[in-house]
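>>> Need coordinates for the following:
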Amino acid sequence: MELFAALGVPVQPSAVVRVSIPDDVSVAAGVIEYRGRQLVGKLLLVSTFDFIASCRPKHSRAEPLSPASPRDWIFVRDWAKELTNQLLGCVKRALAANGISVAIGLPIPLSGDVVRNEIASWNTSPQQFICGRHRMQIWFQAVTASGVELVLTSKHPPQLLPKAGSVTIF
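Below you'll find the predicted structure:
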């Protein structure tokens with residue numbers, strides 16, 4: 001996934017080993033909804049405190065973070081929210097390349113039992129990724145309008161779309 005590679009944290013797809021999260025694991029997550037005329041849904045990104053912390057911008061990684069620190073939890077929850085927002089931005093870019101426009105809502109940070117409850121509310125399996133000893137799970141829900149089939153292929157030349165990670169002023 002290019003987003004995580006750009007952050008210096010390359011992830012690899014993995015088979016889903018376990019969807020439930022043990023009580024002794026510190027987890028952080030972000031959930032975000034999107035809506036368009038042709039498509040609505042939401043995205044949930046879940047991982048460990050340590051993995052989310054490792055995805056921080058390189059200049060801020062020098063300071064270690066601890067799951068025992070309430071201050072650090074605020075930062076990690078905020079960063080989980082930002083990662084979720086950036087990931088859905090990548091999805092939005094792919095949808096735009098295929099003529100589908102969606103508006104993105106505000107990301108919501110989750111942690112602890114709230115993450116476990118959110119996972120239990122999904123009736124789909126996640127995509128799972130690994131980076132070293134860390135696992136990240138991503139759920140993606142899409143409900144299409146009647147008669148719309150979601151098949152992603154790039155119809156538009158790449159130069160017409162902004163490069164992932166770039167800033168577009170409008």
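>>> now Ser54: how far from Ser60?
11 Å (CB to CB, to the nearest Å). In short, each C-beta sits where N, CA and C put it, glycine included.
>>> So for the two, which sits in the more crowded spot?
With neighbours defined as other CB atoms under 10 Å, Ser54 and Ser60 compare such that Ser54 has more, 19 against 11.
>>> Excluding chain neighbours, give the residue nearest to the more buried one in space.
Leaving aside its chain neighbours, Ser54 sits nearest to Val9 (5.7 Å; criterion: CB to CB, 6 or more residues apart in numbering).
>>> So what's the residue count around the one you found?
Neighbour count for Val9, taken as other CB under 10 Å: 20.
>>> and it, what helix or strand is that in?
For Val9, there is no enclosing helix or strand under DSSP states H and E.
>>> One more: Trp79?
helix 70-96.
>>> before we move on, which element is Gly99 in?
Element membership for Gly99, per DSSP H and E: none, as it lies in no helix or strand.
>>> sorry, back to before: roughly how far apart are the residue nearest to Ser54 and Val46?
Distance, Val9 to Val46, using CB to CB: 16 Å.
>>> Roughly how far does the residue located most distally from the centre of the chain sit from Phe4?
Distance from the C-alpha centroid of the chain peaks at Gly147, with 27.7 Å (CA atoms, centre = their mean). Gly147 sits 35 Å away from Phe4 when distances are taken as CB to CB.
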